[in-house]
Structures are given as structure tokens and as C-alpha cells.
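# Just the structure for this:
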Amino acid sequence: MNENTPPRTQLRVGRLTKAHGLKGAIKLEMFTDDPGRRFVPGARFTLQVPSGSPWHGKTLELVELRWYNQQPVGFFKDVPDRTAAESLAKAILWIEQDAAEASDEEDAWYDHQLVGLAVVRDGVQVGTIARLDHMPAQDLLIVKTPAGDVMVPFVKAIVPSVDIASGIVTVTPPTGLFEELPDEPDDAPSEAAPSDEATE
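Down below sits the predicted model:
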């Protein structure tokens, strides 16, 4: 079927960013709050890479995880040198996941779980999630609104709550992110009720 879409039983837990040193080590960006459980020697990851990549359709086995200056670095089986490591840059790592443990991962969701969810700010729906863009620096939620698509950085400070069960993603965006939305009557109550001051 869709060979680029990971199976529904898998969970996205990290991204390989760039080669580290000459011995095949690769810097990691983690999408899990529990790296000690997910990134253990022998852990196997399904790779999400372009179809033209030599790694397409393959899995990767972790040999060792080390930390350099608070940056996680992975050593993987069959990645013997820097050239091999560079060929894995930007690959996204998925693991087999039990449906029963889905609630244990706070900050990791399947893309298809998020698409279509309502995006709510201050109790008011401002749009729906159209897709996720996996960028090198961070993931972006592409939110479809009446005024067009808005890119929302998928970080805890801006997206504090994702409730898959209720279909709601709560956002606390900085000023200006959604300001172009035309239908926000609740944002300016003081202007709408000058008569309160007139009674004094």
C-alpha cells in the first residue's frame, strides 16, 4: 500500500541529525520522554527515509547510546564509518509499539492520529490540523484556518496538550501567530461594552 507510511503499530521516537566523528556515530534528536527505555542496546528501529535512499525499507539496530555535551549520539549496527552515517542524516526512527503502552509516551504521536484534530486556543477552536511537517529543527503543525494555513511549532511551550481521545489539541501561541484570524469576537470584550463605565 503506501510504502512511505509507517505501519499503525509503530511510534515515531527520534530523528538522526548528522554524523558525529569518523566511526559511524550519529547525533540524535529524540521525540520521547523515556530514552532509557526506547534507546537501549539491541533496540531496532524502522527507518523513514526517501524511497531513493539505500536504507529504504531497512531497519537499524542500536549498539550503544552515548551523550556528548548533553547531545545524544547513537552507534548502530552496520554503520561502520562516517560515510555510512552521513547517508542516514534526517532519517526518522520508528519502533514497534504495543497499543497498551501508547499512553506512556507523552510527547510522541503518529502523524495520522493528529491530522484532523481540532486546534483550540482559549477554549475556542481556531482551526484543524491539516498535516505535520518534519523539519530539521522541529516539527510544525500545519493548522488549516479560515484565513489560510498557519504553521505552529510543535513544542511543549506552544502546544501544551494533545488529547487524542477527545480530538483536541490545545495551543498557547505567541501574539501574532493567529492574529490574522477574522472571527475572534471574544478577544476584545472591553471595546464591546463601553456602557459599563458610563454607569459610574
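
# In contact with the residue nearest to the spatial centre of the chain, which residues?
Residue closest to the average C-alpha location in the chain (CA atoms, centre = their mean): Asp139, at 4.7 Å. Residues near Asp139 by CB atoms under 8 Å, 6 or more residues apart in numbering: Leu132, Asp133, Pro153, Phe154. (Glycine included, C-beta is placed from N, CA and C.)

# so it bridges to which residues?
On the basis of DSSP bridges, Asp139 is bridged to His134.

# ok, which stretches of the protein are helices?
35-38, 82-86, 111-114, 189-192, 195-198 (DSSP state H).

# Show me the protein divided up by domain.
10-104, 111-183 (automatic domain parsing).

# nearest spatial neighbour of Met30, skipping sequence neighbours?
Spatial nearest neighbour of Met30, excluding adjacent residues (CB to CB, 6 or more residues apart in numbering): Gly14 at 4.8 Å.

# Relative to Pro173, how far out is that neighbour?
26 Å (CB to CB, to the nearest Å).

# So which of these two has more stuff around it?
Gly14 (22 against 18; other CB atoms under 10 Å).

# And the contacts of stretch 64-79?
16, 20, 23-28, 30, 35, 39-41, 60-63, 84-85, 88.

# for it, which positions count as buried?
For stretch 64-79, the neighbour count (16 or more other CB atoms under 10 Å) marks Leu65, Pro72, Val73, Gly74, Phe75, Phe76, Val79 as buried.
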